[in-house]
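**Q** Okay, predicted coordinates and the sequence, questions at the end:
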Amino acid sequence: MTVPLGRPRREALRRRLLSLGLGELSAATVFVLLAVSVVGPRWTDDQAATLWWALGPLTVVLVQAGAYWLLARSWVGRGTMPRPVARAYRVVRVLDPVLLALGLVMILVHGGPAPGPWLLTLGVWAFAALEYANYFLVRLSYPPTTWAREVTSWRTPRLVRDLRASDRAGGR
């Protein structure tokens with residue numbers, strides 16, 4: 001059961017969640033804009049198309065993450081994740097790895113001979129996989145000053161904790 005927070009603490013958390021949500025959505029936007037305006041015009045059509053097999057999953061995961069943080073503002077300190085939201089995140093928790101696997105296969109099959117674009121594309125894909133892991137498997141994001149110490153604690157991501165709390169509470 002969620003313990004209600006006092007108004008100042010709840011508002012501070014809501015501001016933090018707003019920052020996280022807008023940050024993830026901004027990151028997705030920046031990645032897409034860079035691909036379209038900087039990378040795409042310099043690469044061959046095949047290389048640019050292959051990049052999208054990495055960038056597509058990354059964008060999907062970042063948008064889901066941004067939406068999660070923004071939606072969490074409605075229940076933080078008051079209750080649990082609503083059942084429809086929990087259902088949606090349970091679905092994407094299963095579909096995202098399928099999208100990532102498909103992206104990796106397409107990158108490996110269509111990557112092309114140029115090592116630079118191929119390695120950059122694989123790096124984007126790896127970042128997408130890490131973002132998925134950070135939200136659905138194990139928390140990987142910590143402040144730089146505590147990252148080395150905290151990342152080895154293998155904490156459960158906040159999204160997964162919210163899904164479990166929704167299950168226990170029966171959603172709302």
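**A** Now that the structure is in, tell me what you want to look at. Please read all numbers here as calculations on a predicted model, not as lab measurements. Residues are numbered from 1 along each chain as shown.
**Q** Apart from its chain neighbours, what residue comes closest to Arg93?
**A** Distance criterion Cβ to Cβ, 6 or more residues apart in numbering; nearest residue to Arg93, sequence neighbours excluded, is Phe136 at 5.0 Å. Bear in mind the C-beta positions are built from the backbone N, C-alpha and C, glycine included.
**Q** count of residues packed around that neighbour?
**A** Phe136 has 21 neighbours, counted by other Cβ atoms under 10 Å.
**Q** Just the pLDDT at it, thanks.
**A** For Phe136, the pLDDT comes out at 97.
**Q** and stretch 79-94, how far out from the chain's middle?
**A** In terms of Cα atoms, centre = their mean, to the nearest Å, the centre of stretch 79-94 is found 15 Å from the chain centre.
**Q** Can I get it as PDB, trimmed to CA atoms?
**A** Output in PDB follows, covering the C-alpha atoms of stretch 79-94 (Å, rounded to 0.1, in the frame of the first residue of the first chain):
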ATOM      1  CA  GLY A  79      -1.900   5.600  -4.900                       C
ATOM      2  CA  THR A  80      -0.700   3.100  -7.500                       C
ATOM      3  CA  MET A  81      -0.400   2.900 -11.200                       C
ATOM      4  CA  PRO A  82      -3.900   2.600 -12.800                       C
ATOM      5  CA  ARG A  83      -4.800  -0.800 -14.100                       C
ATOM      6  CA  PRO A  84      -5.100   0.300 -17.800                       C
ATOM      7  CA  VAL A  85      -1.600   1.900 -17.700                       C
ATOM      8  CA  ALA A  86      -0.200  -1.200 -16.000                       C
ATOM      9  CA  ARG A  87      -1.700  -3.400 -18.700                       C
ATOM     10  CA  ALA A  88      -0.200  -1.200 -21.400                       C
ATOM     11  CA  TYR A  89       3.300  -1.400 -19.900                       C
ATOM     12  CA  ARG A  90       3.000  -5.100 -19.400                       C
ATOM     13  CA  VAL A  91       2.300  -5.400 -23.200                       C
ATOM     14  CA  VAL A  92       5.300  -3.200 -24.200                       C
ATOM     15  CA  ARG A  93       7.500  -5.100 -21.800                       C
ATOM     16  CA  VAL A  94       6.900  -8.100 -24.000                       C
END
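**Q** contacts for it?
**A** Residues outside stretch 79-94 that contact it (Cβ atoms under 8 Å, 6 or more residues apart in numbering) are 2, 64, 68, 71-72, 74-75, 136, 159, 162-163, 165-172.
**Q** what's in contact with the host helix or strand of Arg164?
**A** In the assignment (DSSP states H and E), Arg164 maps to helix 158-169. Residues from elsewhere that reach helix 158-169 (Cβ under 8 Å, 6+ apart): 1-2, 65, 68, 72, 75, 79-83, 85-86, 89-90, 135-137, 139.
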